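Chemist: Please find the sequence and the predicted model below.
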2 protein chains.
Amino acid sequence: MDINEVARLGGVSVATVSRALNGRPEVSPATRERIRSLAAELGYTPNASARALASRRSGMVGLLWDTDYRSGGRQHPFLQEVLVGLKEALNEHGQGLILLPIVPEDDAGGYVRLARQYTLDGVVLMGVDEHTPSVAALLATDLPCVALDLAVDGPRSASVTSDNRGGARAAVRHLVELGHRRIATVTGPTDLKPAAERLAGYCREVARHRLPCPEAYVVAGDFFADSGAAAMRRLLALPEPPTAVFVAGDAMAIAAVQAAQEDGRSVPADVAVVGFDDIDAAGLLRPGLTTVAQDYRRFGSTAVALLAELAAAPPDAAPRTVTLPTALVVRASSGASTVDTHEEVPR
Amino acid sequence: MDINEVARLGGVSVATVSRALNGRPEVSPATRERIRSLAAELGYTPNASARALASRRSGMVGLLWDTDYRSGGRQHPFLQEVLVGLKEALNEHGQGLILLPIVPEDDAGGYVRLARQYTLDGVVLMGVDEHTPSVAALLATDLPCVALDLAVDGPRSASVTSDNRGGARAAVRHLVELGHRRIATVTGPTDLKPAAERLAGYCREVARHRLPCPEAYVVAGDFFADSGAAAMRRLLALPEPPTAVFVAGDAMAIAAVQAAQEDGRSVPADVAVVGFDDIDAAGLLRPGLTTVAQDYRRFGSTAVALLAELAAAPPDAAPRTVTLPTALVVRASSGASTVDTHEEVPR
DNA sequence: TAAGGTCCCGGAAGCGTTTACGTCGGGTAT
DNA sequence: ATACCCGACGTAAACGCTTCCGGGACCTTA
């Protein structure tokens, strides 16, 4: 069942079938509909390879996602949500998603070749180091690239990140509204942009409310659980310990809560805790962790929109970066009154 | 930079280039190496679409993964790990992975068409209902299909599942070895195969050790957290409450631990708990949850191996299903002596 | 009425590969 | 020496589409 068959049965040329199916204006509406319904009836689907070969556009976007990227303990824990967003948005555009393999370290041209091999319409990067030669080479291309949770630039690239700063501010504001004044923070590795932004948001909000903020109230973590526990112990040992802590990552926050409890303090009564990320465990714990959630699904859909935009725009246009809003998820650990039910996290 | 260019520069015909690059036996080893190094030097990569079109094999396998599949509260929480396994194995085979969109409910031929459209080598199914018309239609095809965590059959299909039964037995055995005799269980929805298997494993092991097992010791859950909490409360209210509970899913197990604690019991001193799945939260909690881990990465690689096997085998061969071993992860909730450190779960 | 335009549509040339099939040497068996 | 085979390679026909180019029918406008 190829296009010739449809053409024959429809009594038209293959050119007309192609045009009808692709919604080209050179066919009369009448024949267009006739051919379309005929094709549907016959269960005809154009062959993607042939189409790509002839049109030189594959309708595929590549996902570049490094499994092993852990610099600073970061790995993308929300792959699933991002994928959902990507998939849904791509479907609407009639595009497909292909997972790119990771090329070896020493193969600088690897991704560029892959992109050519599949004649990709664009690629989405996540959890990669933009300074890796192979990635840098790809970004230098005029192929549309959008990076998630990472700021990049190139002739045709854009970024989408969460409003880490705003999220942090919301977290602190929440604590202030609950009456706290001695609010400390545990940071991530501040050489990473998101961690730095979260710290900046904390500082800004603390300053805005003229809260006391001795140096000891800012303790460095690394996004891993143990550093959160250590940080909390340090804070509680202070002569004037904070009554609330904004922890820049949930894994650390969870460990911090436990450290406080092991120290005999009650959360949130003695010390309130707010995290960042809203990982699954945050809703499973008792007390539930109040935290700042990112809209990972929207990461995906935004990426697709940007890809389309980049494809249309002239190269070297001003690099766009869209910042997605975050949402404060209030649970028990911050001390706000809530009914703390288990959320639906199956298995 | 196409194949003609390489042929011209190499002083051979395109046929020879093609054969050399594909490792066909009709070229002398000498020219094969010469062409290969020339191609590498030129940075030539064959166009995937053209190759697929000409050879009628795309070298792509499709991943069918339903975002919204939640029947019985099941969703695949380990997508990431499975993807890693798939990707790595596929790379070794020189194949690519494409994420299939979900077709509308009423489009029974949807997946079959997609497979034809992309001329897929095979498809991997996860988190889908094999009775959905569109999925059933795909399975009925002679296209190689392998289902993960799901038993299917069709002219050319296979399944890979974890050894749920064995895992459950190991969990119970672990508790027995710790001296428990009154061991209860909380099940998943037993119309789902994995849940049924876990229950069967529990029963088998309980019988083997001639443990008391009143009916009340088997309480039904649904894999969601709340059902775990309810089940634990029920068990603790028994005239002769169990001293240990095997909970068939971690989300339920975590909630069960909390329910016990809220009831004034200590875990594991008063009641030991073992879960199943080893979700991230299991290692983040205090006490850490002893649980049965599945090797999801291996799911992926096994799937790829099966796909290759199916492609080679004659259709309607006996449907294979490989069962992957599970591993007991001992943490504090079961009462075994361990150092309970936080695991590395970043952010 | 002739010239020009517009609207539809068909013919056919690609797109970059793979893969029959043919060919041409040089070995081996007869 | 003839016949034969086999290994190595070239020629060219697909593979299933898109799209450029052009042409006929019909309508405007002068």
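Modeler: Alright, I've got the coordinates. Numbering: from 1, shown residues only, chains lettered A, B, ... in the order given.
Chemist: Counting by contacts, list what the lowest-mean-pLDDT helix or strand in chain A packs against.
Modeler: Here the helix or strand of chain A ranked lowest by mean pLDDT, DSSP states H and E is helix A:280-284, holding a mean of 84. Secondary-structure packing of helix A:280-284 (3 or more C-beta pairs under 8 Å, 6 or more residues apart in numbering or on different chains; DSSP states H and E): helix A:250-262, helix B:250-262, helix B:280-284. No exception for glycine: its C-beta is placed from N, CA and C like everyone else's.
Chemist: Quick one: the strands in chain A, in order.
Modeler: A:60-65, A:96-99, A:122-126, A:145-148, A:157-162, A:183-187, A:218-220, A:244-247, A:272-277, A:290-294, A:321-324, A:326-329 (DSSP state E).
Chemist: give the contact list for A:E81.
Modeler: Residues counted as contacts of A:E81 (C-beta atoms under 8 Å, 6 or more residues apart in numbering or on different chains) are A:296-297, A:299-300.
Chemist: Next: A:E130.
Modeler: Contacts of A:E130 by C-beta under 8 Å, 6+ apart are A:136, A:139, A:147, A:150, A:152.
Chemist: pLDDT score for it?
Modeler: Looking at A:E130, its pLDDT stands at 86.
Chemist: Verify the stated contact: A:D163 with A:A327.
Modeler: No - A:D163 is beyond contact range of A:A327, at 10.1 Å (criterion: C-beta atoms under 8 Å).
Chemist: Which of the two has more residues huddled nearby?
Modeler: Applying other C-beta atoms under 10 Å in any protein chain shown to A:D163 and A:A327 shows that A:D163 carries more neighbours, namely 18 against 13.
Chemist: quick revisit: can you tell me which of the contacts of A:E81 are in helices?
Modeler: Secondary structure from DSSP state H places A:296-297, A:299-300 of the contacts of A:E81 in helices.
Chemist: What confidence value was assigned to A:D142?
Modeler: For A:D142, the model assigns a pLDDT of 88.
Chemist: Same list, the strands of chain A, but as CSV with mean pLDDT please.
Modeler: Shown next, in CSV, are the strands of chain A (pLDDT from 0 to 100):
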stretch, mean pLDDT
strand A:60-65, 93
strand A:96-99, 93
strand A:122-126, 93
strand A:145-148, 93
strand A:157-162, 92
strand A:183-187, 95
strand A:218-220, 95
strand A:244-247, 96
strand A:272-277, 94
strand A:290-294, 93
strand A:321-324, 93
strand A:326-329, 94
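Chemist: Give me the buried stretch members for stretch A:7-15, please.
Modeler: For stretch A:7-15, a neighbour-count test (16 or more other C-beta atoms under 10 Å in any protein chain shown) marks A:7, A:10, A:12 as buried.
Chemist: thought the last one was touching A:A39?
Modeler: It refers to A:V12. No - if you go by C-beta under 8 Å, A:V12 and A:A39 don't touch, sitting 11.5 Å apart.
Chemist: that older thread, using CSV, lay out the strands of chain A together with distance to DNA strand C.
Modeler: CSV is the format used below for the strands of chain A (distance: least, C-beta to the nearest atom of the strand, whole Å):
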stretch, distance to DNA strand C
strand A:60-65, 16
strand A:96-99, 18
strand A:122-126, 19
strand A:145-148, 22
strand A:157-162, 25
strand A:183-187, 49
strand A:218-220, 51
strand A:244-247, 52
strand A:272-277, 44
strand A:290-294, 41
strand A:321-324, 34
strand A:326-329, 45
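Chemist: Any chance of the ones you listed in CSV with distance to A:F78 as columns?
Modeler: CSV is the format used below for those (distance: least, C-beta to C-beta, whole Å):
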stretch, distance to A:F78
strand A:60-65, 11
strand A:96-99, 16
strand A:122-126, 9
strand A:145-148, 10
strand A:157-162, 11
strand A:183-187, 20
strand A:218-220, 24
strand A:244-247, 18
strand A:272-277, 8
strand A:290-294, 7
strand A:321-324, 12
strand A:326-329, 13
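Chemist: How many residues are close by the residue of the stretch 201-347 of chain A found nearest DNA strand C?
Modeler: DNA strand C sits closest to A:A311 of the stretch 201-347 of chain A, with a gap of 19.3 Å, by C-beta to the nearest atom of the strand. Using other C-beta under 10 Å, A:A311 has 13 other residues around it.
Chemist: measure the closest residue to it other than its chain neighbours to A:V61 for me?
Modeler: Counting by C-beta to C-beta, 6 or more residues apart in numbering or on different chains, A:P144 is the residue found nearest to A:A311 once chain neighbours are left out, at 5.1 Å. Separation of A:P144 from A:V61 (C-beta to C-beta, to the nearest Å): 8 Å.
Chemist: Need the overlap of contacts for the two.
Modeler: If you check A:P144 and A:V61 against C-beta under 8 Å, 6+ apart, the residues they both contact are A:121-123, A:307.
Chemist: that older thread, make CSV out of the contacts of A:E130 and add neighbour count and distance to A:A272.
Modeler: Output for these, formatted as CSV (neighbours: other C-beta atoms under 10 Å in any protein chain shown; distance: C-beta to C-beta, whole Å):
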residue, neighbour count, distance to A:A272
A:A136, 15, 43
A:L139, 20, 42
A:A147, 27, 35
A:L150, 19, 31
A:V152, 21, 37
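Chemist: what's the closest of those to chain B?
Modeler: Within the contacts of A:E130, distances to chain B taken as C-beta to the nearest C-beta reach their minimum at A:L150, with 14.3 Å.
Chemist: ok, the residue nearest to A:A311 - how many residues close by?
Modeler: With other C-beta under 10 Å as criterion, A:P144 counts 25.
Chemist: quick one, what contacts A:E262?
Modeler: B:R286.
Chemist: Can you give me the pLDDT of it?
Modeler: 89.
Chemist: can you check A:A248 too?
Modeler: 94.
Chemist: Same check on the one 10 residues further on?
Modeler: At A:Q258 the predicted local distance difference test score is 91.
Chemist: residues contacting it?
Modeler: A:229, B:286.
Chemist: hang on, the earlier thing: could the ones in helices among the contacts of A:E81 be laid out in a markdown table, adding distance to DNA strand C, neighbour count and pLDDT?
Modeler: Converted to a markdown table, the ones in helices among the contacts of A:E81 look like this (distance: C-beta to the nearest atom of the strand, whole Å; neighbours: other C-beta atoms under 10 Å in any protein chain shown; pLDDT from 0 to 100):
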| residue | distance to DNA strand C | neighbour count | pLDDT |
| --- | --- | --- | --- |
| A:Y296 | 37 | 23 | 89 |
| A:R297 | 36 | 19 | 90 |
| A:F299 | 34 | 26 | 92 |
| A:G300 | 31 | 27 | 90 |
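Chemist: between those residues, which is closest to chain B?
Modeler: A:R297 (9.7 Å).
Chemist: correct me, but that closest one touches A:K87?
Modeler: No - judged on C-beta under 8 Å, A:R297 makes no contact with A:K87 at a distance of 10.0 Å.
Chemist: gap between the residue of the stretch 201-347 of chain A closest to DNA strand C and chain B?
Modeler: A:A311 sits 18 Å away from chain B, taking C-beta to the nearest C-beta, to the nearest Å as the criterion.
Chemist: which ones are touching A:R265?
Modeler: Applying C-beta under 8 Å, 6+ apart, the residues contacting A:R265 are A:236, A:271.
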